[in-house]
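[1] My questions concern the predicted model and sequence given below.
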There are 2 protein chains.
Amino acid sequence: MTKNPRGSRMPPLALPICLLGANVDGNPNYCTIAWFTMIDDEPPTIGLVTGKDRKTKDGIVENRTFSVSVPSADMAVPVDYVGITSGRKEDKSTVFRSFYGKLKTAPMVEECPVTMECELRRIVELEGTDLIIGEIVEVYVEESVYHGDEPDPLVLDPLMYLSSGAAYHRLGERVDDAFKAGKKYRRGT
Amino acid sequence: MTKNPRGSRMPPLALPICLLGANVDGNPNYCTIAWFTMIDDEPPTIGLVTGKDRKTKDGIVENRTFSVSVPSADMAVPVDYVGITSGRKEDKSTVFRSFYGKLKTAPMVEECPVTMECELRRIVELEGTDLIIGEIVEVYVEESVYHGDEPDPLVLDPLMYLSSGAAYHRLGERVDDAFKAGKKYRRGT
């Protein structure tokens, strides 16, 4: 392979998209986030990177709760709208239908096939951003995406963001089993 | 939509997979990671979540450098092998061909179409895991994946991990433009 150095730039990555939600002054507010990761599995914990001055963050600090909603690929237009529009300038509370779960103050997006509500555990102050860490207290999954006991990934049809070329893609076909495929590995092959 | 609560569980997410690389005692070591996120874009900064006792982490602390290599979907078998095999028990240094860039001590995976080398900036100690944060000093992209000025996402063919059902998938078709699709949004539609 021949690789070209591209300098100190953003790498081309395929990242899942989510909507970070919180109540601000009693109204749901959402922002679109591609920079997030699982942090732990026991208890399930998630971390999201946000700008330091985001309206949604105000609500997270206020309520100590937030939500993460995972949109499907057919939601690209409203999800992108929420991403390019500041909650400080426009009321985004009615772009999606909101519902609440056991925490009562973490608005989740009804249209998203997967949502979760979280309790704020910690905000890690980084240089130019903040990492908001929360414990997932309940996950909600749309009934119609189940195939047997588990959600079918291709029916979930999650919206992916490509930093290279600034495009949205959908998820593609299954390639192999995780935690099993490696058993086929033979040295020297 | 009708949503079923699934309790305090891992949510079904489609996550990109990467190989975190570091030299340990002068030899390349890699571990497979699905829990990582961009942290900042100026300068480009990446954060990866690892267990507290990982051989690769020893090398990162030793050299203050590390690499992130992004495998394509046809690499599922060796990538999964590296994920299910501990570097403390088996020598994984020859599973991939390694190359070095300007930092000299951050081994990158030759077979991966996208790699980057990073300088360690900070390790954030979390409850059960650590967040390793590094500044990306150089990104390398395989020549053959370019379509014009940018890598073609479907030629890059990144390997995705689905937590639900423990499966690997590839990336699917383009859906829309990011940072533009939202301009089509009309209230009440």
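    Here it is on my side, so go on. Everything quoted here is computed from the prediction, not taken from an experiment. Residues are numbered from 1 along each chain as shown, chains lettered A, B, ... in the order given.
[2] So which residues of chain A form helices?
    Counting by DSSP state H, the segments of chain A that form helices are A:55-63, A:76-84, A:153-156.
[3] so where's chain A uncertain?
    Applying pLDDT under 70 to chain A picks out residues A:188-189.
[4] which one's the longest strand in it?
    Counting residues, the longest strand found in chain A (DSSP state E) is strand A:129-142.
[5] between it and helix A:55-63, how big is the angle?
    80 degrees (axes from the mean of the first three to the mean of the last three CA atoms, to 10 degrees).
[6] From the contact counts, what lies against strand A:129-142?
    strand A:44-51, helix A:55-63, strand A:65-70, strand A:114-125, strand B:3-5, strand B:36-41 (3 or more CB pairs under 8 Å, 6 or more residues apart in numbering or on different chains; DSSP states H and E). (Each C-beta comes from the backbone N, C-alpha and C, glycine too.)
[7] If we use 7 Å, what do you get?
    Using 3 or more CB pairs under 7 Å, 6 or more residues apart in numbering or on different chains; DSSP states H and E as the contact test, the elements touching strand A:129-142 are strand A:44-51, strand A:114-125, strand B:3-5.
[8] Dump these into a markdown table; add mean neighbour count as well.
    Shown next, in a markdown table, are the helices and strands packed on strand A:129-142 (neighbours: other CB atoms under 10 Å in any protein chain shown):
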| stretch | mean neighbour count |
| --- | --- |
| strand A:44-51 | 22 |
| strand A:114-125 | 21 |
| strand B:3-5 | 15 |
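[9] looking at the helices of chain A, which is buried most?
    Ranked by mean neighbour count, those are led by helix A:76-84 with a mean of 22 (mean count of other CB atoms under 10 Å in any protein chain shown).
[10] That one and chain B in contact?
    Yes: applying CB under 7 Å from any CB of the partner chain, one finds helix A:76-84 touching chain B at A:76, A:77, A:78, A:80, A:81, A:83, A:84.
[11] Tell me the spacing between the residue lying closest to residue A:42 once chain neighbours are set aside and residue B:23.
    Once flanking residues are discounted, residue A:42 sits nearest to residue B:128: 7.0 Å by CB to CB, 6 or more residues apart in numbering or on different chains. Distance, residue B:128 to residue B:23, using CB to CB, to the nearest Å: 26 Å.
[12] what about the two, which has more around it?
    It is residue B:23, of residue B:128 and residue B:23, that has more neighbours when counted by other CB atoms under 10 Å in any protein chain shown, with 24 against 13.
[13] right, and the more buried one touches residue B:60 too?
    No: using CB atoms under 7 Å, residue B:23 is not in contact with residue B:60; the gap is 9.2 Å.
[14] and the nearest residue to residue A:91 once chain neighbours are set aside, how many neighbours does it have?
    Spatial nearest neighbour of residue A:91, excluding adjacent residues (CB to CB, 6+ apart): residue A:27 at 7.6 Å. As a burial measure, residue A:27 scores 15 neighbours (other CB under 10 Å).
[15] beta partners of residue A:27?
    Beta-bridge pairing of residue A:27 under DSSP bridges involves residue A:24.
[16] wait, doesn't it sit right on residue A:94?
    No: judged on CB under 7 Å, residue A:27 makes no contact with residue A:94 at a distance of 9.3 Å.
[17] rewinding a little: what distance separates the longest strand of chain A from the centre of its chain?
    Computed by CA atoms, centre = their mean, to the nearest Å, the chain-centroid distance of strand A:129-142 equals 9 Å.
[18] tell me the angle of it relative to strand B:114-125?
    Strand A:129-142 runs at 100 degrees relative to strand B:114-125, counting by the same axes, to 10 degrees.
[19] Strand A:129-142 pairs with which strands, parallel or anti?
    If you go by DSSP bridges, strand A:129-142 pairs up with strand A:44-51 (antiparallel), strand A:114-125 (antiparallel), strand B:3-5 (antiparallel).
[20] Please export the C-alpha coordinates of that strand as PDB.
    Extracted C-alpha coordinates of strand A:129-142, given in PDB (Å, rounded to 0.1, in the frame of the first residue of the first chain):
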ATOM      1  CA  THR A 129     -14.600  21.000  24.600                       C
ATOM      2  CA  ASP A 130     -16.300  19.200  27.500                       C
ATOM      3  CA  LEU A 131     -16.900  15.500  27.900                       C
ATOM      4  CA  ILE A 132     -20.300  14.900  29.500                       C
ATOM      5  CA  ILE A 133     -20.400  11.500  31.100                       C
ATOM      6  CA  GLY A 134     -23.700   9.800  32.200                       C
ATOM      7  CA  GLU A 135     -24.900   6.500  33.400                       C
ATOM      8  CA  ILE A 136     -27.600   4.900  31.200                       C
ATOM      9  CA  VAL A 137     -30.500   4.100  33.400                       C
ATOM     10  CA  GLU A 138     -32.900   2.900  30.800                       C
ATOM     11  CA  VAL A 139     -32.700   2.100  27.100                       C
ATOM     12  CA  TYR A 140     -35.800   2.200  24.900                       C
ATOM     13  CA  VAL A 141     -36.000   0.300  21.600                       C
ATOM     14  CA  GLU A 142     -38.800   0.500  19.000                       C
END
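[21] What are the buried residues along it?
    Neighbour-count burial for strand A:129-142 flags A:129-142 (criterion: 16 or more other CB atoms under 10 Å in any protein chain shown).
[22] Just send the residues you listed back as TSV, with distance to residue A:104 too.
    Shown next, in TSV, are the buried residues of strand A:129-142 (distance: CB to CB, whole Å):
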residue	distance to residue A:104
A:129	28
A:130	24
A:131	25
A:132	19
A:133	21
A:134	15
A:135	16
A:136	16
A:137	12
A:138	12
A:139	17
A:140	14
A:141	20
A:142	21
